[in-house]
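In: following is a predicted model, sequence given first.
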Amino acid sequence: MELKNLIKDHIVWRHQIFKLAKSDLIKTYSGAALGWAWAIIKPAVTIFVYWFAFSIGLRQRAGIEGFPFFLWLIAGIISWFYIQEMLTQGTNSMRKYKHLITKMKFPVGTIPTFVSMSKLVVHLVLLLIVFVIYIAFGEPLTIYYLQLPIYMLLMFLFCTGWTLFGSVLAAISRDFSNLVKSCTTALFWLSGIMWPVTKIHSHIGRMILKANPITFTVEGYRNCFVHHVWIWQEPKELLVYLCELVIMWILALWVFKKLKKDMPDVL
């Protein structure tokens, strides 16, 4: 029933959702002198630091799996920038837009959606830059790029479900938001973003790592850019991710149903 109402709200309020996604995107960068440039500068600086540390400092110039380290890195880390935004800003979305909850008659369940949509626009811009970089390095466009929309859709659905789950809990208690922030760095290093999953020799260890939904997305992007593997060629990983996606939405809808009436009073 809750899922049915949520879908209905998204259909009825679809125009407002797109407008709020645009508004959220504008507000994110409107206060800075460089504006939209920060959407590119921040990830670019992060990529440069990691590239310098590993390629120059740790002397991994030979690359990974026969692929230049810089290109291997940006293929995986590009999805992390979106996921990180959803882990941090997405979790705080209910508090950020508390006026929609306390002062207006607005379908609260759509807030995570338009926030996720605004972050996805930035992700698409960064992805376009990655395409340009790959072409500049002489890497040909391949047919495997056609599955990128599938990985993006799966990532969007999972992160939106997480945001619905996390933002409701964060609205009730700030401690949850602080917990998520403290775990973000650990998730980064435990998701195979900076090192290949094949480096883990333990079979159980690899299974645990591949069960991480962030790892699935990171490896999925690398399957498109680096490994040239179709999504259906790794059915076990896909099935695990789809199960996690369903579980995430079940938890999100359950928490939302239980706590949505309490949020206006707490906020």
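Out: Perfect, thanks for sending it.

In: from now on I want contacts and neighbour counts done on CA atoms only, so please keep to that.
Out: Fine.

In: confirm residue 135 sits in a strand?
Out: No: Residue 135 is assigned helix when assessed by DSSP: H, G, I helix; E, B strand; the rest coil, not a strand.

In: ok, for the most centrally placed residue in the chain, nearest residue in space, not its chain neighbours?
Out: Nearest to the mean C-alpha position of the chain, by C-alpha atoms, centre = their mean, lies residue 83 at 2.2 Å. Spatial nearest neighbour of residue 83, excluding adjacent residues (C-alpha to C-alpha, 6 or more residues apart in numbering): residue 159 at 6.9 Å.

In: hang on, isn't that neighbour packed against residue 85?
Out: No: applying C-alpha atoms under 8 Å, one finds residue 159 not in contact with residue 85, separated by 9.7 Å.

In: neighbour count for the two, which is higher?
Out: residue 159 (28 against 16; other C-alpha atoms under 10 Å).

In: mind pulling up the pLDDT for that one?
Out: Predicted confidence (pLDDT) for residue 159: 95.

In: just name the shakiest helix or strand of the chain by mean pLDDT.
Out: helix 38-51 (a mean of 74; mean pLDDT, DSSP states H and E).

In: on contacts alone, who are the packing partners of that helix?
Out: With contacts taken as 3 or more C-alpha pairs under 8 Å, 6 or more residues apart in numbering; DSSP states H and E, helix 38-51 sits against helix 69-88.

In: the helix it packs on vs helix 38-51, what angle?
Out: Orientation check (axes from the mean of the first three to the mean of the last three C-alpha atoms, to 10 degrees): helix 69-88 against helix 38-51 gives 130 degrees.

In: from the middle of its chain, how far away would helix 69-88 be?
Out: Remark: helix 69-88 is offset 8 Å from the chain centroid, using C-alpha atoms, centre = their mean, to the nearest Å.

In: and whichever helix or strand comes after it, how far from the chain's centre?
Out: Sequence order places helix 93-96 as the next helix or strand after helix 69-88, per DSSP states H and E. On the basis of C-alpha atoms, centre = their mean, the separation between the geometric centre of helix 93-96 and that of its chain is 18 Å.

In: average model confidence for helix 93-96?
Out: 88.

In: what do you get for stretch 254-264?
Out: 86.
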